[in-house]
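Colleague: Turn this into a structure:
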Amino acid sequence: MKNTAEQKITTFLTFNDKAEEAMDLYISLFKDSKVSHKSYYGDEYPELKGKLMTATIELAGQRFMVLNAGPSFSFSQGFSLFVNCKDQDEIDELSAKLIGENGEQLPCGWLQDQFGVSWQIVPSNLINKMQGEDREGFKRMFAALMKMKKIDMATLQAAYDNA
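Modeller: Next up, the predicted model:
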């Protein structure tokens, strides 16, 4: 694994107070994921002593940093983590686990997880079709996508194929 200085750009996720819980969930969901460093608040912040301050994690080979920084920080839907999924089972599993009890499924495969982070959970072939030569197939598929919340790969393929 590269150290943080070697990876040119690292996504930094700032949580109110659930960074460790989020980090544990994310690591459980993606292969090749791990925690490489954790630091905790000490005596200088008695009200936070023992709580995770920062961590460096790797999710599916991509480095992230997380921070518990208090209630003045929140996430915006304008930022999302894009996940290419190989099949419908992976879309269904990731969506369910990220949403948990307090998240929300949003249109077009987007969701907000239980910690407020936005994700796009999409089939890997969607981008290929978006960038492909069959523009009419893409228009039909896109129209179907705009009617969905969680992505249904079979419906998208049928629309693309005009079936």
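Colleague: Might you list the low-confidence residue ranges for this protein?
Modeller: For the chain, the stretches with pLDDT under 70 are 1-5.
Colleague: quick one: the residue of it most remote from its centre from residue 130, how far?
Modeller: Most distant residue from the mean C-alpha position of the chain: residue 43, 33.3 Å away (C-alpha atoms, centre = their mean). Per C-beta to C-beta, to the nearest Å, residue 43 is found 53 Å from residue 130. (Glycine included, C-beta is placed from N, CA and C.)
Colleague: Ok, residue 32 next?
Modeller: Residue 32 is 26 Å from residue 130, by C-beta to C-beta.
Colleague: Kindly report the same for residue 105.
Modeller: Distance of residue 105 to residue 130, computed by C-beta to C-beta: 21 Å.
Colleague: out of those two, which sits in the more crowded spot?
Modeller: Legend: neighbour count by other C-beta atoms under 10 Å for residue 105 and residue 130, higher for residue 105 (16 against 11).
Colleague: Could you count how many residues lie near the nearest residue to the more buried one once chain neighbours are set aside?
Modeller: Counting by C-beta to C-beta, 6 or more residues apart in numbering, residue 105 lies nearest to residue 149, which is 4.7 Å off, once chain neighbours are set aside. By other C-beta under 10 Å, the residues close to residue 149 number 14.
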